[in-house]
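Novice: Quick one: sequence plus predicted model below, questions after.
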Amino acid sequence: MPSTSAIFELPRVDVVITCHNYRSYVEDAIRSVLAQTYQKWDCVIVDDASTDGSAEHVRQLLETIGDSRLRLLVRPQNGGQLASFRDGFDVGDQPFVAFLDADDVWLPNFLAAHLSAHLNSVHSASLSSSDVLLVDRDRVVLSGTYAALRKPRSGEDPIGVAVPPANRLGEVAGIDYSSEYPITYLGPKTYGWIWAPTSSMVFRRGALAPVLVFPFKSRMGTDYLAATCAHMVAGSLLLSESLGLYRLHGANVSTDSAYAGGHVQQPPKHKAKHIALGTDILDYVVANAGRLDAINYGGFVSGVLAHLVRRFDCLLDDPRIVPLLDRKNRWRRQRKRIVRGLRRLFGRAAD
């Protein structure tokens, strides 16, 4: 009689919940992990030296729940989001890693949908990102989509490579999940922010490991650093289904404004933070130029640096860029410097 047992096992997922002074919200995040339909996970809650009693609240909650898959890691001093990412990442060893901000919530099919997408037969990717519902502090829905997610938004503007439902793992070997929502693969040569925030992402450990060991200077904006750098290896899968709640409560690092529709409104200091993040990305690309060009074939790094120069004008004069640019992008850089110089000259003349 033939065996009915599965001939392969589905992967476990390491879940990292990062918390700093989110006592009011962290239980919602933990319970949303417990409620996942895909149950092959281990979860560490990293408390980044909270001063509002978050760590003790989580400790008591875990004792009440009594699930051995949950554990608490308390940092002795505040190190910022990147330090929490690193500590949580180092605790696990599973092939997939998902990060959940303590003020956000996953819907029950989050992990099932992401694993089904990752294990498709069209494109492997470094990470996946799904759409999210924007909600207020009381989980009242403000928007049904995160506008910056680079998902297809009309039939007239197709992007990337579609991953058809028949090419996803779906119900095979225990993932009881199927969806008609579009999934799009975008390769490493797609530049710029294309994802929803941290709590929408699931990474391959192998793509993220070399990123998190890099000595970035920024303490925050870790989703930007992690997604941008991991994406350079094997691209991203974008799930157009909303699979989580992204909470806007007035104390988020990325926004302190009321939601006004469209893109999430950023505070004035956000621009300076993004310049610092752009500098960190430049440092990473320069340090890993040989490896990235080898993975994506010659000329890849030149394209990435050209994008960074266009996006962050202050990086234009960094001397490390020139040897890594191809002839076309060297000319573009020189032309941009000339134009900038003329604008400054005539601006002073007008004064």
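Specialist: Arrived safely, thanks for sending.
Novice: any idea where the strands of this structure begin and end?
Specialist: Along the chain, counting by DSSP state E, strands occupy 13-19, 41-47, 70-74, 96-101, 105-106, 127-135, 141-143, 161-162, 183-186, 201-204, 236-247.
Novice: Mean pLDDT lowest where, among the ones you listed?
Specialist: Note on those: strand 161-162 shows the lowest mean pLDDT, a mean of 90.
Novice: Redo the strands of the chain as TSV? Include mean neighbour count and distance to residue 80.
Specialist: (Each C-beta comes from the backbone N, C-alpha and C, glycine too.) Converted to TSV, those look like this (neighbours: other CB atoms under 10 Å; distance: least, CB to CB, whole Å):
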stretch	mean neighbour count	distance to residue 80
strand 13-19	26	10
strand 41-47	24	12
strand 70-74	18	15
strand 96-101	26	13
strand 105-106	25	23
strand 127-135	24	21
strand 141-143	15	27
strand 161-162	14	36
strand 183-186	23	29
strand 201-204	24	18
strand 236-247	24	20
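Novice: Now those in JSON lines, please, with extra columns for distance to residue 177.
Specialist: Below are these laid out as JSON lines (distance: least, CB to CB, whole Å):
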{"stretch": "strand 13-19", "distance to residue 177": "14"}
{"stretch": "strand 41-47", "distance to residue 177": "15"}
{"stretch": "strand 70-74", "distance to residue 177": "23"}
{"stretch": "strand 96-101", "distance to residue 177": "15"}
{"stretch": "strand 105-106", "distance to residue 177": "14"}
{"stretch": "strand 127-135", "distance to residue 177": "13"}
{"stretch": "strand 141-143", "distance to residue 177": "23"}
{"stretch": "strand 161-162", "distance to residue 177": "18"}
{"stretch": "strand 183-186", "distance to residue 177": "12"}
{"stretch": "strand 201-204", "distance to residue 177": "14"}
{"stretch": "strand 236-247", "distance to residue 177": "11"}
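Novice: Could you point out which residue ranges in the stretch 201-350 of the chain have low pLDDT?
Specialist: 250-257, 265-272, 326-350 (pLDDT under 70).
Novice: For it, which segments count as helices?
Specialist: Applying DSSP state H, counting those that start in this stretch to the stretch 201-350 of the chain gives helices spanning 205-212, 222-234, 269-287, 289-296, 300-311, 327-350.
Novice: Can you list the neighbours in contact with the fourth one?
Specialist: For helix 289-296, the external contacting residues (CB atoms under 8 Å, 6 or more residues apart in numbering) are 188-189, 232-233, 285, 299-301, 304, 324.
Novice: Closest to residue 249 out of those residues?
Specialist: Lowest distance from residue 249 to those (CB to CB) belongs to residue 232, with 32.6 Å.
Novice: What sits closest to the closest one if chain neighbours are left out?
Specialist: residue 188 (5.1 Å; CB to CB, 6 or more residues apart in numbering).
Novice: What does the pLDDT read for that neighbour?
Specialist: Looking at residue 188, its pLDDT stands at 96.
Novice: same thing with the one 4 residues further on?
Specialist: As summarised for this prediction, residue 192 has a pLDDT of 91.
Novice: I'd like to know how many residues surround it.
Specialist: Counted with other CB atoms under 10 Å, residues neighbouring residue 192 total 11.
Novice: unless I'm mixing things up, it is touching residue 311, no?
Specialist: Yes. Using CB atoms under 8 Å as the test, residue 192 is close enough to residue 311 to be in contact (7.0 Å).
Novice: intersection of neighbour lists for the two?
Specialist: By CB under 8 Å, 6+ apart, no residue touches both residue 192 and residue 311.
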